[in-house]
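>>> Output the structure for:
(chains A and B)
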Number of protein chains: 2
Amino acid sequence: MKVAIIGGTGPAGLGLGARLAGAGHEVAIGSRSAERALEAAANVLALAGQGRVTGGTNDSVIPPADVVVLSVRADAQPETVRALAGLLDRKIVLSMANPLAVGDGRARYDGPAEGSLAEQAQQDARGARVVSALHEIRVSRFAKLDRPIDSDTIVTGDDDDAKGPVMALCRDAGVRPIDGGPLSNSRYVEAFVAVLVSINFRYKAGVSYRITGIPNA
Amino acid sequence: MKVAIIGGTGPAGLGLGARLAGAGHEVAIGSRSAERALEAAANVLALAGQGRVTGGTNDSVIPPADVVVLSVRADAQPETVRALAGLLDRKIVLSMANPLAVGDGRARYDGPAEGSLAEQAQQDARGARVVSALHEIRVSRFAKLDRPIDSDTIVTGDDDDAKGPVMALCRDAGVRPIDGGPLSNSRYVEAFVAVLVSINFRYKAGVSYRITGIPNA
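Below you'll find the predicted structure:
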């Protein structure tokens, strides 16, 4: 698949990009700056070892993409989506950010009025086919290519045909996808990450989860 | 420990009661009717095979208990807690119900204004030491004593000294407890069960989760 990673100059773009490039996908790193995007693309390629990785401005990498990954910070995602809404029309858009307020050893869900960041993206880009996934994975873990990610990811969305490609990408990124129902369930998944962060504080760990009871998903 | 199971005449009381009795705890089944409580206690004992199981009215089983398990339905829990609030003073109280609205193949979190059923119980019984746990387990699974429960449970609460006994009981019921931080996190755990139910619909399964990344919890 052709995968555009918007705001892909950060750690998520690096690690997820390298994993997807290594799995044979064509990865395009997007940024507001074409120069920074190309720099990041070179880093992705270096990490992956081989593969097809390019870089460009966000608005240049979206049109050819089969899947557009939103890889900006939670607090920047709404503005980014609104700015790109026209280009995102009919595109499969992966929302993976978690709107959490973290401090004093605690984490709290600070979701938008729409219920979740993914639903907000769907509201702001009505023509997009928003799928929500990968919330459970700390972005820094993607870049450790030699270390298996011991996690499932719950994938929510209202367009089953859009979920399929996203679930395939999750699998290629090393994470088992579980269909978690409609996009309105994303609020529960995003919010639950606050619990995972709390557990990290308590156990000084980096935790995630696996769904039990569906061995062959 | 002495464990009182309020509203213990249902499936949760039967299975959880049998597991805890089998692990050596003194189990007291509570009900509004002493007669029904004694009947249920006999069933618990029969399922457990051996152990110490008694039954009585809710208000008679609470005073001697080390831990009081709220085993009523979510929609009945607030009224039950308010009616028993005086007796629950200083007691360790386990809240395990999930306020979900389920229908049309979907599940939605229908939590109270307090954020979660556990927090509502804490508000309604201010002197109680409320701990929230076991939300992830379908109550019918407890009664299948010969079948391991492939699940962790996230335990939340504001009183660490109250969490310890509850976590021990979870372990004795066959479920690994994970400390999930303050009671305010219970809203995320209770709400997430809506996702588990959605997954059950999609996969025609009975799913739960295991937390990865803390092997020795």
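>>> Is there a neighbour count for the nearest residue to residue A:14 once chain neighbours are set aside? I'd like the number.
The shortest distance from residue A:14 to any non-neighbouring residue, by Cβ to Cβ, 6 or more residues apart in numbering or on different chains, is to residue A:143 (5.3 Å). All C-beta atoms are positioned from the backbone trio N, CA, C, and that covers glycine. When neighbours are defined as other Cβ atoms under 10 Å in any protein chain shown, residue A:143 has 19 of them.
>>> what do you get for residue A:110?
The number of residues near residue A:110, taken as other Cβ under 10 Å, comes to 16.
>>> That one contacts residue A:101, doesn't it?
Yes: the criterion here is Cβ atoms under 8 Å, and residue A:110 meets it with residue A:101 at 4.3 Å.
>>> Residue ranges in chain A under the pLDDT threshold?
The model of chain A has pLDDT under 70 over residues A:217.
>>> so what's the residue positioned nearest the centre of it up against?
Taking Cα atoms, centre = their mean, the centroid of chain A lies closest to residue A:96, which sits 3.5 Å from it. Counting by Cβ atoms under 8 Å, 6 or more residues apart in numbering or on different chains, residue A:96 touches A:12, A:69, A:70, A:71, A:132, A:133, A:134, A:135.
>>> In stretch A:26-45, which residues are buried?
Buried residues in stretch A:26-45, counted by 16 or more other Cβ atoms under 10 Å in any protein chain shown: A:26-31, A:37-38, A:40-41, A:43-45.
>>> meant to ask about stretch A:64-75
So, applying 16+ other Cβ under 10 Å, buried residues of stretch A:64-75: A:65, A:67, A:68, A:69, A:70, A:71, A:72, A:74.
>>> Distance to chain B added to those, as TSV?
Formatted as TSV, these follow (distance: Cβ to the nearest Cβ, whole Å):
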residue	distance to chain B
A:65	27
A:67	21
A:68	24
A:69	22
A:70	21
A:71	23
A:72	24
A:74	16
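>>> from those residues, which single one is nearest residue A:197?
For these, the closest approach to residue A:197 (Cβ to Cβ) belongs to residue A:74, at 12.8 Å.
>>> What sits closest to that closest one if chain neighbours are left out?
residue A:97 (4.0 Å).
>>> Then residue A:166?
residue A:131 (4.3 Å).
>>> what does residue A:176 give?
Per Cβ to Cβ, 6+ apart, closest to residue A:176 is residue A:152, 4.6 Å.
>>> isn't the one you found right next to residue A:209, touching?
Yes: in this structure, residue A:152 is within contact of residue A:209 by Cβ under 8 Å, at 6.5 Å.
>>> Enumerate the residues of chain A near chain B.
Residues of chain A found near chain B (Cβ under 8 Å from any Cβ of the partner chain) are A:106, A:108-109, A:150-151, A:154, A:156, A:178-182, A:184-185, A:187-189, A:191-192, A:194-196, A:198-199, A:201-203, A:205-214, A:217.
>>> mind listing which of those residues are in strands?
The strands, defined by DSSP state E, take in A:106, A:108, A:109, A:154, A:156, A:178, A:179, A:208, A:209, A:210, A:211, A:212 from the residues of chain A next to chain B.
>>> Spell out for me the ChimeraX command that would select the buried members of those residues.
Applying 16+ other Cβ under 10 Å to those, the buried members can be selected in ChimeraX as follows:
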select /A:108,109,154,156,178,179,208,209,210,211,212
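>>> Looking at the ones in strands among the residues of chain A next to chain B, point me to the pair that's furthest apart.
Longest span within those, Cβ to Cβ: A:106 and A:179, 31.0 Å.
>>> now, which of the buried residues of stretch A:64-75 lie within strands?
Going by DSSP E, the strands hold A:67, A:68, A:69, A:70 from the buried residues of stretch A:64-75.
>>> For residue B:160, see how far away the third one is.
Residue A:69 is 40 Å from residue B:160, where distance means Cβ to Cβ, to the nearest Å.
>>> same deal with the last one?
With distances defined as Cβ to Cβ, the gap from residue A:70 to residue B:160 amounts to 38 Å.
>>> Same check on the first one?
Residue A:67 sits 44 Å away from residue B:160, going by Cβ to Cβ.
>>> got it, and the second one?
Counting by Cβ to Cβ, the separation of residue A:68 from residue B:160 is 45 Å.
>>> now the helices for chain A?
A:11-22, A:34-48, A:58-61, A:77-84, A:117-124, A:139-142, A:160-172, A:186-203 (DSSP state H).
>>> how about the third one: buried residues?
Applying a neighbour-count criterion of 16+ other Cβ under 10 Å, the buried positions in helix A:58-61 are A:58, A:60, A:61.
>>> For the closest residue in space to the first one that isn't next to it in sequence, list each beta-bridge partner.
In space, and not counting its chain neighbours, residue A:58 is closest to residue A:30: 4.1 Å by Cβ to Cβ, 6+ apart. The partner list for residue A:30 in beta bridges (DSSP bridges) reads residue A:56.
>>> Wait, residue A:30 touches residue A:36, no?
No: with contact defined as Cβ under 8 Å, residue A:30 does not count as touching residue A:36 (10.0 Å).
>>> didn't residue A:123 look like it was pressed against residue A:114?
Yes: at 5.3 Å, residue A:123 counts as touching residue A:114 under the criterion of Cβ under 8 Å.
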